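[1] Generate coordinates for the sequence data below:
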Amino acid sequence: MNINTKLSLSFMMFLEFFIWSSWYVTLGTFLGSNLLAKDQEISLAFSTQSFGAIIAPFVVGLIADRYFHAQRILGVIHIIGAGLMYMLYTSSDFSGFFPILLIYMILFMPTLALVNSISFNQMKDPAKEFGKIRVWGTIGWIAAGLLISFMSWDSQEGLKEGLLRNTWLMGAVSSLVLGLFSFALPHTPPQPRTAGDFKLSEVLGLDSLGLLKHKNYAVFFISSILICIPLAFYYQNTSPFLTEIGLTNSTGKMALGQVSEVVFMLALPIFFSKFGIKKTLIVAMLAWAVRYVFFAFGDANEGVWMLLIGIALHGICYDFFFVSGQIYTDSHAGLKYKSSAQGLITFATYGVGMLIGFWAAGLISNYYTNEAGVHLWESIWLIPAGISVLVLLLFMALFKKEQINSHQ
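    Numbering: from 1, shown residues only. The predicted structure follows:
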C-alpha cells in the first residue's frame, strides 16, 4: 500500500470506532440519568448490538458483495446514521428512543465488516498489514472516551445538567464526516458476475456459510460463538464489579485495557507470522481464563495488581482472537465473498455469541447475589473462567495446525 492509502484506511478505522465509542460506553448511564430508563430497558437497548450483528451478514451479502462498491455503501450508511443519531440526541423518552437505536444498530453493525473488507481489498499480506490499520480503530475508541471525560459530560455535575446527551451529537457529527469521507476511500468493487448467475442464497450472503465445510474453520466459528459468552461478562460486569469492591477511579483504570489493545495490535503481526493461527488463538483463550481467575481472587487492596493485570489482558484477549480471526476468515473467503465472510464472523461474535453471553451474565449475576444485594463476585467470575477453559480445550482438540494463505 502507498502512504495515502494507509492514511485513508487508518482515518476510516479511527472514525468507525470513535463513532461507536462516543455513545456505547456511556449508554447505560445516559439511559438511566437522561431518560430515566429501567434496568430491563437498559438491557434491551444493549441487545440492539446483537440484533444488528445477526442481521449484518445478510445486509452485507445483499449489497456489498454483489451489487455496489463497499466504500459507497459505507458512506451511505454513515450519512443515514448521522441523521438517526441526531434523532437519538433529541429523544425525550425510552419508547421513542429504542426503535431509532434498533434501526441505527441494524445499519451500523454491517459497517464493521465493510471497513474490514475495504482494508483487506487493498492489502497484499493482511497478516502483516491489517494490525497497523486496525490499531487506529482502538485509538479512536480511546479518543472518544477521553473527550467525553475532558468535556465533563459524564461527571456528576454533567449528569445533573443532562450534558451526556451531547455524546449523540458528537456521534452524529463524526458519522457525517466518515459518511462523506467514505466516498474518497479506495475503490472496493463487487466481484464480476456472469449473466444468469443469480442465486438467492448468494444475494442473502448465505453462500459464505460454505466456509463451514472446512473443518478447521467450522471449529473456529463455533469457538468464536462460545468464547463470546465469557466476553460478555467482561463488558457487562467489570465496571459494576470494580465499583462495588471499592476500586477508586475504576473507569480510568479500565482504559488500561484499550491501551494494551494498541500495544498487542502492533505485536500481533510478529506473533502471527512466527507462531501461526492456532497458537495465536490458543494464547488468546488462555488469557481469557487467566483474566477471570485474577478477577475472582483480586481485591481493591493488596490484590489490586491482579485486577490491573486482568484488565491489561484485554489486549491479548481481543486482538489475538478477534483480529487474527478476521485475518483467518479473509484467507478462507477468497475474492468472491470477502464482505459476506466478514459479515459471517460478525454474526457469530457480536451477534449470536454476545446475545447468549449477555443473557447468561445477567442470569448468573442475579443468581449469585445475596439478600443484602451484594454480588458474590468470586463465584460469578469463576464461571466465565471455566467456560474459557472448556472452549480452549475444545479448540485445541479439534483444530488442526494450518498454514493460512494470507495473499488470497
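[2] check which helix or strand covers the nearest residue to Gln326 once chain neighbours are set aside.
    Closest residue in space to Gln326, ignoring its immediate chain neighbours: Asn116 at 5.5 Å, by C-beta to C-beta, 6 or more residues apart in numbering. No exception for glycine: its C-beta is placed from N, CA and C like everyone else's. Mapping Asn116 onto the secondary structure by DSSP states H and E places it in helix 94-121.
[3] after that helix, next one along is what?
    If you walk from helix 94-121 toward the C-terminus, the next helix or strand you reach (DSSP H and E) is helix 126-150.
[4] Return the angle between stretch directions for that next one and helix 94-121.
    Following axes from the mean of the first three to the mean of the last three C-alpha atoms, to 10 degrees, one obtains 150 degrees for the angle between helix 126-150 and helix 94-121.
[5] Tell me the buried residues in helix 126-150?
    In terms of neighbour count (16 or more other C-beta atoms under 10 Å), helix 126-150 has its buried residues at 126-145, 148.
[6] picking that back up, neighbours of the residue nearest to Gln326, just the number please.
    Burial measure for Asn116: 30 neighbouring residues, criterion other C-beta atoms under 10 Å.
[7] Please give me every residue in contact with the residue most central in space within the chain.
    Closest to where the C-alpha atoms of the chain average out (C-alpha atoms, centre = their mean) is Tyr350, at 6.3 Å. Taking C-beta atoms under 8 Å, 6 or more residues apart in numbering, we find Tyr350 in contact with Gln49, Ser50, Gly52, Ala53, Ala56, Met109, Leu112, Cys228.
[8] following the strand or helix carrying the fourth one, which helix or strand comes up?
    Using DSSP H and E, Ala53 sits within helix 39-63. The element immediately downstream of helix 39-63 (helix or strand, assigned by DSSP H and E) is helix 70-90.
[9] And for Leu7, the neighbour number?
    If you count neighbours by other C-beta under 10 Å, Leu7 ends up with 12.
[10] Quick check: of the contacts of Tyr350, which lies closest to Ala289?
    Cys228 (14.6 Å; C-beta to C-beta).
[11] what's the closest non-adjacent residue to the closest one?
    Excluding its sequence neighbours, the residue lying closest to Cys228 (C-beta to C-beta, 6+ apart) is Gly353, at 2.6 Å.
[12] looking only at pLDDT, what's the mean for the helix or strand that contains Leu231?
    Here Leu231 is covered by helix 215-244, with elements defined by DSSP H and E. For helix 215-244, the mean pLDDT works out to 85.
[13] Tell me the helices and strands packed up against it.
    Based on contacts counted as 3 or more C-beta pairs under 8 Å, 6 or more residues apart in numbering; DSSP states H and E, the elements that helix 215-244 packs against are helix 250-297, helix 314-318, helix 324-333, helix 338-346, helix 354-367, helix 377-398.
[14] residues in contact with the shortest one?
    If I follow you right, that is helix 314-318. Applying C-beta under 8 Å, 6+ apart, the set of residues contacting helix 314-318 from outside is 231, 234, 256-265, 283-284, 287-288, 291.
[15] Can you select the buried ones among the residues you listed for me in ChimeraX?
    Selection of the buried residues among the contacts of helix 314-318 in ChimeraX, burial being defined by 16+ other C-beta under 10 Å:
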select :231,234,256,257,258,259,260,261,262,264,265,283,284,287,288,291
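[16] circling back: pLDDT score assigned to the residue nearest to Gln326?
    86.
[17] Could you list the low-confidence segments of the stretch 51-200 of the chain?
    Low-confidence regions of the stretch 51-200 of the chain, defined by pLDDT under 70, span residues 56-66, 156, 191-200.
[18] 50 - rerun?
    Flagging of the stretch 51-200 of the chain using pLDDT under 50 yields the residue ranges 194-196.
[19] which one of the helices and strands packed on helix 215-244 lies closest to Tyr217?
    helix 324-333 (5.3 Å).
[20] Show me what that closest one is packed up against.
    helix 94-121, helix 126-150, helix 215-244, helix 250-297, helix 338-346.
[21] please redo it, this time with the cut-off set to 6 Å
    Here helix 324-333 touches helix 126-150, helix 250-297, helix 338-346, going by 3 or more C-beta pairs under 6 Å, 6 or more residues apart in numbering; DSSP states H and E.
[22] out of those helices, nearest to Ala360?
    Ranking these by proximity to Ala360 (C-beta to C-beta) places helix 250-297 first, at 13.5 Å.
[23] count of neighbours near Asp93?
    Look at Asp93: counted by other C-beta under 10 Å, it has 11 neighbours.
[24] Backbone dihedrals for the closest residue to it other than its chain neighbours, please?
    Beyond its immediate neighbours in the sequence, the residue positioned closest to Asp93 (C-beta to C-beta, 6+ apart) is Leu35, lying 6.1 Å away. Recorded main-chain torsions at Leu35 are phi -110, psi 0, according to degrees, to the nearest 10.
[25] Would you agree Leu35 is in contact with Phe94?
    Yes - checked against C-beta atoms under 6 Å, the pair Leu35 and Phe94 is within contact range at 5.0 Å.
[26] got any residues that touch both of these two?
    When contacts are counted by C-beta atoms under 6 Å, 6 or more residues apart in numbering, Leu35 and Phe94 have no shared neighbour.
[27] Which residues are in contact with Ala232?
    Ala232 sits next to Met354, Gly357, Phe358, Ala361 when contact means C-beta under 6 Å, 6+ apart.
[28] what do you get for His78?
    Ser175, Leu178, Gly179.
[29] Now the buried members of these.
    For the contacts of His78, a neighbour count by 16+ other C-beta under 10 Å gives the buried set as Ser175, Leu178, Gly179.
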